[in-house]
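Peer 1: Turn this into a structure:
(2 chains)
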Number of protein chains: 2
Amino acid sequence: MSQKPSLYTVLSPRLLDLYDISNSVVVIIDVFRATSTIATALYNGATKVIPVDSVDNCIQIGNATGGITAGERDGKVIPGLSYGNSPAEYPRSFIEGKTLVLTTTNGTKLLHMALKNGADEVVTGSFPNLSAVCDYLTSQNKNVFLGCSAWKDRFNIEDAMFAGAVIEKVKNHFTIHCDSSLMASDMYRMHKNDMFSFIRHTTHWHRLASYGLETDLEYCVSLDVANILPIFKNGALIV
Amino acid sequence: MSQKPSLYTVLSPRLLDLYDISNSVVVIIDVFRATSTIATALYNGATKVIPVDSVDNCIQIGNATGGITAGERDGKVIPGLSYGNSPAEYPRSFIEGKTLVLTTTNGTKLLHMALKNGADEVVTGSFPNLSAVCDYLTSQNKNVFLGCSAWKDRFNIEDAMFAGAVIEKVKNHFTIHCDSSLMASDMYRMHKNDMFSFIRHTTHWHRLASYGLETDLEYCVSLDVANILPIFKNGALIV
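Peer 2: Numbering: from 1, shown residues only, chains lettered A, B, ... in the order given. Presented below is the predicted three-dimensional model:
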């Protein structure tokens, strides 16, 4: 029997360089809400999503591509941009055939680190596209790193829970010797049946729910409601 | 009612500078095995324990203080030092009245970082001195950071489990808005009744058990068997 590839979970961008990610697949996870919104926009027919790490880049790339500029701060659309970070803002009737230029700090930082550190492929994942991510990972026969975007480099529960959800589905295909993965699996198994109530205890929920985003957050932990695979090619996420 | 102090859990030394630890109490946690051994040596009457981060420092300080030099690599006493890292090596009949100079990489690094970043008090904790740590924390009315030493900066389960054990005992005395703490509590609650079997799944167990250290590791997750508080003063841990 051939050796199975390895799977690791990385709990913060700050910890990524502890691992050799060369020639691997890195899954960027930013459940609340960047990678949930990316899956949704592409599922609903966006041509591509360009993730950017600053408002200036967003405006500049939006101008250059004719794309829709999007980004929030404190629950409001950032001045100079046109739309926010909510998946609910990107139904098919609006986003189909368009380019979305999305400002996201934590997720974009991790994505660029993954590319710089030699990842072979970078995809994005969240609960809305869980199955598509898992199907891809099991088809590749490469080492996998589940990269949690975290919040300003601090560990967050919801990204780890998604890592746990992935592991539950793919674990038979990988060698897993990683305490972060063990923890993520346990946390997901413990809470998968009370997800909507459990996530109300997380710090990110408290931060965002105060802006009236409860419905958004529940969507972000809903399984397979935008089940496509965003993969990073030539500077943009495409299907 | 006065404001409660805050409690945070820091999952790796690499994440410590994300937090303002000034004027706080930092608990250094290195369950397998440094902080378990430190508690045990002091419980059994050691005068003090000097934690050092290198073999050269260990030998030099051992010579200067007449202390016992200790440290392991790959489960064997490091050449040039006299004893290992096992709590079982430091019964009262041997260690009482002596100074122990202990080489520990992960824990010592975190301890020095905590001091440099302005911690007011630094203590060490592991399951053998759980209650002493908790009694101290609830008596201080200061912010608390539970600092996991991790393994080469990678998250490990056993240190997080001890953080969870502390939180379970002290949570009513602190304001806790921290996903790392929420996770640590959940993991401890999930596994406190099957600790001896659960820790066999951790990466650190696999690393150390291959050196025949199972009994040691079980001791390190035993509650209150060396229930004193090591506190860092003038370069050494004392009771």
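
Peer 1: Show residues contacting stretch A:180-193.
Peer 2: Identification of contacts with stretch A:180-193 by CB atoms under 8 Å, 6 or more residues apart in numbering or on different chains yields A:7-11, A:146, A:157, A:160-165, A:167-168, A:171, A:176, A:198, B:154-155, B:157, B:160, B:183, B:186-187, B:190-191, B:201-202. Just so you know, the C-beta spots here come from the backbone N, C-alpha and C atoms, and that holds for glycine as well.

Peer 1: try 7 Å
Peer 2: A:7-11, A:160-161, A:163-165, A:167-168, A:198, B:155, B:157, B:160, B:183, B:186-187, B:190, B:201-202 (CB atoms under 7 Å, 6 or more residues apart in numbering or on different chains).

Peer 1: and what of stretch A:70-83?
Peer 2: A:55, A:58-59, A:68-69, A:84-85, A:89, A:100-103, A:208, A:211, A:213.

Peer 1: all strands for chain A, in order.
Peer 2: A:7-10, A:25-29, A:48-52, A:68-70, A:72-73, A:76-77, A:99-103, A:121-125, A:144-148, A:231-233, A:236-238 (DSSP state E).

Peer 1: and those as TSV, adding mean neighbour count?
Peer 2: Formatted as TSV, those follow (neighbours: other CB atoms under 10 Å in any protein chain shown):
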stretch	mean neighbour count
strand A:7-10	27
strand A:25-29	29
strand A:48-52	24
strand A:68-70	24
strand A:72-73	16
strand A:76-77	13
strand A:99-103	25
strand A:121-125	25
strand A:144-148	29
strand A:231-233	16
strand A:236-238	20
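
Peer 1: Would you single out the least confident of the ones you listed?
Peer 2: Here the lowest mean pLDDT among these goes to strand A:72-73, at a mean of 86.

Peer 1: Okay, now the sheet partners of that one, with direction.
Peer 2: Strand A:72-73 pairs in its sheet with strand A:76-77 (antiparallel), by DSSP bridges.

Peer 1: Tell me how far the partner strand lies from the chain's centre.
Peer 2: Chain-centre distance of strand A:76-77: 20 Å, with CA atoms, centre = their mean, to the nearest Å.

Peer 1: near chain B, which residues of chain A?
Peer 2: Counting by CB under 7 Å from any CB of the partner chain, the residues of chain A close to chain B are A:11-12, A:14-15, A:18, A:152-157, A:160, A:177-180, A:182-183, A:186-187, A:190, A:201-203, A:206.

Peer 1: Packing partners of the helix or strand bottoming out on mean pLDDT in chain A?
Peer 2: Ranked by mean pLDDT, DSSP states H and E, the weakest helix or strand in chain A is helix A:203-209, scoring a mean of 83. The criterion is 3 or more CB pairs under 7 Å, 6 or more residues apart in numbering or on different chains; DSSP states H and E, and the helices and strands that helix A:203-209 contacts are helix A:214-220.

Peer 1: can you rerun that using 10 Å?
Peer 2: Packing partners of helix A:203-209 (3 or more CB pairs under 10 Å, 6 or more residues apart in numbering or on different chains; DSSP states H and E): helix A:157-170, helix A:214-220, helix B:179-191.

Peer 1: ok, residues contacting it?
Peer 2: A:31-33, A:72, A:74-75, A:85, A:150-151, A:154-159, A:198-200, A:202, A:213-214, A:216-217, A:220, B:176-182 (CB atoms under 10 Å, 6 or more residues apart in numbering or on different chains).

Peer 1: Low-confidence stretches in chain A?
Peer 2: A:1-2 (pLDDT under 70).

Peer 1: thought A:D153 was touching B:V10?
Peer 2: No. Counting by CB atoms under 10 Å, A:D153 sits too far from B:V10 to count as a contact (11.4 Å).

Peer 1: which residues do these two both contact?
Peer 2: B:D17, B:L18.

Peer 1: hmm, back to that, could you identify the buried members of the contacts of helix A:203-209?
Peer 2: Buried residues within the contacts of helix A:203-209, counting neighbours by 16 or more other CB atoms under 10 Å in any protein chain shown: A:31-33, A:72, A:75, A:85, A:150-151, A:154-159, A:198-199, A:202, A:213, A:216-217, A:220, B:176, B:178-182.

Peer 1: Return the distance of A:T9 relative to B:I29.
Peer 2: Separation of A:T9 from B:I29 (CB to CB, to the nearest Å): 20 Å.

Peer 1: Same question for A:S180.
Peer 2: For A:S180, the distance to B:I29 - CB to CB - is 17 Å.

Peer 1: so the closest residue to A:K142 other than its chain neighbours bridges to which residues?
Peer 2: Excluding the flanking residues, the one nearest A:K142 by CB to CB, 6 or more residues apart in numbering or on different chains is A:V25, at 5.1 Å. Beta-bridge partners recorded for A:V25 (DSSP bridges): A:E121, A:V144.

Peer 1: Spit out the contact partners of A:V25.
Peer 2: A:V25 neighbours (CB under 10 Å, 6+ apart): A:5, A:7, A:114, A:119-123, A:133, A:136-137, A:140-146, A:231.

Peer 1: Now with 7 Å, please.
Peer 2: So A:V25 contacts A:D120, A:E121, A:V123, A:L137, A:Q140, A:K142, A:V144 (CB under 7 Å, 6+ apart).
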